[in-house]
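Enquirer: missing the sequence, but the structure's below:
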Ligand code: SAM
């Protein structure tokens, strides 16, 4: 998968050199290219922003510089363009899965009050463009949001996780975990500071362990994410689930 990221802070993306994503880049599974937006400015100050039409506080990123940058980066190609913004559609595991199936993604990192909306209109007529929010809070810029999305998408690419089953059992994974968060996990020793690992996990009984994990996932979802629990499709619940 090819990923292009346009930003005024390329140094934000140093973490993409480490861990799973760093290894995926070394192996060539991920081809990440980070571009400095200011390289497409033409004034001595390398200006990327201007005052907003209609007044108000803050500055808005100028369309001309974004247009030149995106045109150069994509050439004749057609990546799917992801614009991080708090006003976008929510970034979910489902969307991460969908994006993991794309060959090429282009991320545009906004700063200040965001990017002039005509940039989205312009490329929306030529590319698939998604405005995406990583949560109901406001960050100072799109860089952290893009790091979040790249990590969530990157770990779903074939061969990136040591064990592909991990992604299937994860919170929010499509299938049996859709709308569920994962239950608690444990490792050795069996007793730590008087806290015991639930005996069923030591039983070796795969059926009972699967049942226990499902129950715990349901309980945690009801407790921590009641809005997700309310959306559980009754068709996906078995008799045991309904009793919980
Ligand atoms: N004035 C904008 C608003 O209220 O919607 C907020 C702009 S924010 C200070 C600057 C940039 O940070 C945005 O253009 C976007 O790229 C990024 N950003 C901030 N919060 C975000 C979020 N929750 N999800 C994705 N991107 C976000």
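Expert: Cool, got the structure. Every value quoted in this text rests on a predicted model; they were computed, and no experiment measured them.
Enquirer: Could you use CA atoms for every contact and neighbour count after this?
Expert: OK.
Enquirer: which residues sit in contact with the residue nearest to residue 171 when sequence neighbours are not counted?
Expert: Of all residues not flanking residue 171 in the chain, residue 181 sits nearest, at 4.1 Å (CA to CA, 6 or more residues apart in numbering). Residues in contact with residue 181 (CA atoms under 8 Å, 6 or more residues apart in numbering) are 170-172, 217-218, 220-221.
Enquirer: And the longest helix belonging to the chain, what's buried?
Expert: Identified as the longest helix of the chain according to DSSP state H is helix 206-224. Residues 209, 212-222 are the ones in helix 206-224 that count as buried (16 or more other CA atoms under 10 Å).
Enquirer: Distance-wise, check the residue lying farthest from the centre of the chain relative to the ligand.
Expert: The outermost residue of the chain, judged against the average C-alpha position, is residue 194 (37.8 Å), by CA atoms, centre = their mean. Relative to the ligand, residue 194 is positioned 41 Å away (CA to the nearest ligand atom, to the nearest Å).
Enquirer: same check, this time on residue 173
Expert: From residue 173 to the ligand the distance is 21 Å (CA to the nearest ligand atom).
Enquirer: So what's the residue count around the closest residue to residue 142 other than its chain neighbours?
Expert: Closest residue to residue 142 apart from its sequence neighbours, by CA to CA, 6+ apart: residue 109 at 4.3 Å. Neighbourhood size, residue 109 [other CA atoms under 10 Å]: 23.
Enquirer: Begin at 197 from now on, thanks
Expert: Will do, 197 is the new start, and the previous item becomes residue 305.
Enquirer: Could I get the pLDDT score of residue 305?
Expert: Residue 305 carries a pLDDT score of 99 in this model.
Enquirer: Just checking, which helix or strand of the protein averages the lowest pLDDT?
Expert: The helix or strand of the chain with the poorest confidence is helix 435-439; it has a mean of 74 (mean pLDDT, DSSP states H and E).
Enquirer: Out of the contacts of residue 377, flag the one nearest to the ligand.
Expert: residue 368 (19.0 Å; CA to the nearest ligand atom).
Enquirer: got the contact list for that closest one?
Expert: Residue 368 neighbours (CA under 8 Å, 6+ apart): 289-290, 374-377.
Enquirer: ok, 6 Å please
Expert: Residue 368 makes contact with 374-376, according to CA atoms under 6 Å, 6 or more residues apart in numbering.
Enquirer: Count residues in the vicinity of the residue lying closest to it once chain neighbours are set aside, would you?
Expert: Of all residues not flanking residue 368 in the chain, residue 374 sits nearest, at 4.7 Å (CA to CA, 6+ apart). Neighbours of residue 374 under the rule other CA under 10 Å: 19.
Enquirer: Over to residue 295?
Expert: Around residue 295 there are 21 residues (other CA under 10 Å).
Enquirer: helix, strand or coil for it?
Expert: At residue 295, secondary structure determined by DSSP: H, G, I helix; E, B strand; the rest coil is helix.
Enquirer: quick one: the residue nearest to it when sequence neighbours are not counted from residue 265, how far?
Expert: Nearest residue to residue 295, sequence neighbours excluded (CA to CA, 6+ apart): residue 349, at 6.5 Å. Distance of residue 349 to residue 265, computed by CA to CA, to the nearest Å: 24 Å.
Enquirer: and if you look at residue 360?
Expert: Counting by CA to CA, the gap from residue 360 to residue 265 is 36 Å.
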